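*Asks:* got a sequence here, can you model it:
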Amino acid sequence: MSPPSSLPGASAADARDATTAAQPPARPTWGETLRVYLEPASLRMFALGFSAGLPLLLVLGTLSFRLREAGLDRTTIGYLSWVGLAYAFKWCWAPLVDRLPIPLLTRWLGRRRSWLLLSQGLIMASLVGMALSDPRTELTLVVWCALAVAFASATQDIALDAFRIESADARHQGALAATYQTGYRLAMIWAGAGVLWIAARAEVAPAVAVAGVVAAPGVLYQQAAWTTAYLVMAVSMLVGVLTVLFSREPVRVALPPSKNAADWLRSALVEPFADFLKRYGKQALLILALIGVYRISDVVMGIMANPFYVDMGYTKDEVAAVTKVFGVIMTLVGAFIGGALSLRLGVMRVLMLGAILSAASNLLFAWLAVHGHDVTALVLVISADNLSAGVASAAFIAYLSGLTNIQYSATQYALFSSMMLLAPKWLAGYSGAFVDAFDYPTFFIATACLGVPVLLLIWLATRLVPVGKT
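*Replies:* Numbers count the residues shown, from 1 in each chain. Next up, the predicted model:
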């Protein structure tokens, strides 16, 4: 093709414009780079990230603490953790969220904002239900409300991922992801430490027992205190609701027309799977096995962590400060270290390192179970465990990102991230029964042993499936 200046009617100005357009854009200054985090799109994503991170702990970690304090046995708490499987199956209804309009609401707000607002409203209503229900007498209602929160939260994640991707060009996606993660982690502190702090402050007689003195499950439980805490969490979801209402709907992405339902299902679900299998062939089974079990040590152990703190006599304030605030900070530090090491050493080496550290840190919980109530020891154990989790998470996200085809990146990544929870969450449901049958030290040692097959799979994947293969 000839240059624009040689085309009929082209001017010298046209030629200069074409030459300028062909040149790469100038590198922004540090001031311009940092100001991107104050742009409206970044601030919106910070608030929406807070809305996305809030429900998770309220139906998993925080709820298990509440249930154990209410006197529920650990076997039951373990089975109830299967509520979290909603996040592992969100890919099943992701195509509906992506394409199905909501009557009246979509016409008013648009496709993305209507799904966000609907899911946030359901989260708020279900949190109110959890707040007003006493697990000692209305456990079934608590479970149904928790399941509704998990389903609505997973739906919010689906709509929010699409909203984020469509809200800015590729150059700004990094900033949006960073502000989203910041808001998400702050929400986890609020839903972890904040809810325990509020419940502790709302107790009528919080001095029934002192730190380190183990009371029988159910003795210290006060329903009114937890009602207050969960109602505050429900109100906190207004951060996301108001952000959606005052945001603009992203430019609608044109979807390829589907001739019929079978054609629609094939393009939405079958083709992303087929592409992955075509690119990796028999090696796909090895990759899927590694994805399915990489985080198994952490996930299975994590379900019993909060009941363990209750049984060890740690107070709400101690758990809030050490595990929910300090622990989240250490996770972020670990993620930073993991990301830096992945750049210098390669993803697979850090993936192996993260798996070793994650399994080994569970042995420290076994030591703590024998050592007894000790806040200093808890700080040391949480430091090692959360640093390890951060390193492992950073390497694992990089690994999953390298496996996806950019043509199907959203769908394939959603499938991978859901798959990594399926087997661990299912197995974690039996964690309470294991602890009741044996004890905490044996349980923590067993979860560490679950990481051994992961090391073998990483070794095989390193030899057979080079990262970046396309």
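
*Asks:* where's the closest residue to Y440 other than its chain neighbours, which helix or strand?
*Replies:* Among residues not flanking Y440 along the chain, A369 sits closest, at 4.0 Å (CB to CB, 6 or more residues apart in numbering). Glycine gets a C-beta too; all of them are placed from N, C-alpha and C. Following DSSP states H and E, the helix or strand that holds A369 is helix 347-371.

*Asks:* ok now that helix, how far from the chain's centre?
*Replies:* Centroid separation for helix 347-371 versus its chain: 20 Å, with CA atoms, centre = their mean, to the nearest Å.

*Asks:* helices and strands around it, which ones?
*Replies:* Here helix 347-371 touches helix 296-303, helix 305-311, helix 327-345, helix 375-403, helix 440-449, helix 452-464, going by 3 or more CB pairs under 8 Å, 6 or more residues apart in numbering; DSSP states H and E.

*Asks:* next helix or strand past the shortest one?
*Replies:* Downstream of helix 305-311, the first helix or strand assigned by DSSP H and E is helix 316-319.

*Asks:* so for that following helix, mean pLDDT?
*Replies:* Across helix 316-319, pLDDT averages out at 88.

*Asks:* one more: stretch 235-242?
*Replies:* Stretch 235-242 comes out at a mean pLDDT of 94.

*Asks:* enumerate every residue touching the residue nearest to L245 when sequence neighbours are not counted.
*Replies:* Once flanking residues are discounted, L245 sits nearest to L117: 7.3 Å by CB to CB, 6+ apart. L117 sits next to L105, L109, V241, V244, L245 when contact means CB atoms under 8 Å, 6 or more residues apart in numbering.

*Asks:* just checking, the fourth one touches G121?
*Replies:* No: in this structure, V244 is not within contact of G121 by CB atoms under 8 Å, at 10.1 Å.

*Asks:* which residues does the residue nearest to G354 when sequence neighbours are not counted contact?
*Replies:* The shortest distance from G354 to any non-neighbouring residue, by CB to CB, 6+ apart, is to A392 (3.0 Å). By CB under 8 Å, 6+ apart, A392 lies in contact with Y294, R295, D298, G334, G338, L351, G354, A355, L357, S358.

*Asks:* ok, now L357?
*Replies:* A384, L387, S388, V391, A392.

*Asks:* what distance do you get for the last one to S119?
*Replies:* A392 sits 29 Å away from S119, going by CB to CB, to the nearest Å.

*Asks:* pLDDT below threshold where in the stretch 201-350 of the chain?
*Replies:* Where the stretch 201-350 of the chain drops to pLDDT under 70, the residues are 205-219, 252-261, 264-265, 268-269.

*Asks:* quick one, phi psi at W91?
*Replies:* Backbone torsions of W91, given as degrees, to the nearest 10, read phi -60, psi -20.

*Asks:* surely it touches L415?
*Replies:* Yes: W91 lies in contact with L415 (CB under 8 Å); the separation is 5.1 Å.

*Asks:* what is the rounded mean pLDDT of the helix or strand hosting L48?
*Replies:* Secondary-structure assignment from DSSP H and E places L48 in helix 40-58. Averaged over helix 40-58, pLDDT sits at 87.

*Asks:* what's in contact with the helix or strand that it is followed by?
*Replies:* For helix 40-58, the following helix or strand on the C-terminal side (DSSP H and E) is helix 61-69. With contacts defined as CB under 8 Å, 6+ apart, helix 61-69 is touched by 57, 74, 76-77, 80-81, 130, 135, 146, 191-192, 195-196, 199, 217-218, 220-221, 226, 302-307, 309-311, 319.

*Asks:* repeat the analysis, applying 7 Å as the threshold.
*Replies:* Helix 61-69 has contacts (CB atoms under 7 Å, 6 or more residues apart in numbering) with 77, 80-81, 135, 146, 191-192, 195, 217, 220-221, 226, 303, 306-307, 309-310.

*Asks:* report the distance from it to the chain centre.
*Replies:* Taking mean C-alpha positions (CA atoms, centre = their mean), helix 61-69 and its chain are 19 Å apart.

*Asks:* between it and helix 40-58, how big is the angle?
*Replies:* Put simply, helix 61-69 runs at 20 degrees to helix 40-58, going by axes from the mean of the first three to the mean of the last three CA atoms, to 10 degrees.

*Asks:* dump helix 61-69 to PDB, restricted to CA.
*Replies:* The C-alpha coordinates for helix 61-69 follow below in PDB (Å, rounded to 0.1, in the frame of the first residue of the first chain):
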ATOM      1  CA  GLY A  61     -14.100 -17.100  57.500                       C
ATOM      2  CA  THR A  62     -16.100 -14.700  59.600                       C
ATOM      3  CA  LEU A  63     -19.100 -16.900  59.500                       C
ATOM      4  CA  SER A  64     -17.200 -19.900  60.700                       C
ATOM      5  CA  PHE A  65     -15.900 -17.900  63.700                       C
ATOM      6  CA  ARG A  66     -19.500 -16.800  64.500                       C
ATOM      7  CA  LEU A  67     -20.800 -20.400  64.200                       C
ATOM      8  CA  ARG A  68     -18.200 -21.900  66.400                       C
ATOM      9  CA  GLU A  69     -18.700 -19.200  69.000                       C
END
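
*Asks:* and that helix, average pLDDT?
*Replies:* Here the average pLDDT along helix 61-69 is 90.

*Asks:* now the angle from it to helix 296-303?
*Replies:* With the same axes, to 10 degrees defining the directions, helix 61-69 sits at 50 degrees from helix 296-303.

*Asks:* and R185, how many residues sit next to it?
*Replies:* By other CB atoms under 10 Å, 18 other residues sit near R185.

*Asks:* that one touches V333, doesn't it?
*Replies:* No: counting by CB atoms under 7 Å, V333 is not a contact partner of R185; they are 11.6 Å apart.

*Asks:* quick one: contacts for M233?
*Replies:* Applying CB under 7 Å, 6+ apart, we find M233 in contact with L54, L58, L127, A191, V195.

*Asks:* can we see that at 8 Å?
*Replies:* Counting by CB under 8 Å, 6+ apart, M233 has contacts L54, L58, L127, A131, W190, A191, G194, V195.

*Asks:* among those, which are located in helices?
*Replies:* L54, L58, L127, A131, V195 (DSSP state H).

*Asks:* ok, now how distant is the third one from L85?
*Replies:* Note on L127: its distance to L85, by CB to CB, is 19 Å.

*Asks:* got it, and D385?
*Replies:* D385 sits at a distance of 23 Å from L85 (criterion: CB to CB).

*Asks:* cool, and G432?
*Replies:* 16 Å.

*Asks:* now the helices: where do they sit in the stretch 101-250 of the chain?
*Replies:* For the stretch 101-250 of the chain, helices defined by DSSP state H, counting those that start in this stretch occupy the ranges 105-109, 111-132, 139-166, 173-189, 195-202, 223-236, 238-245.
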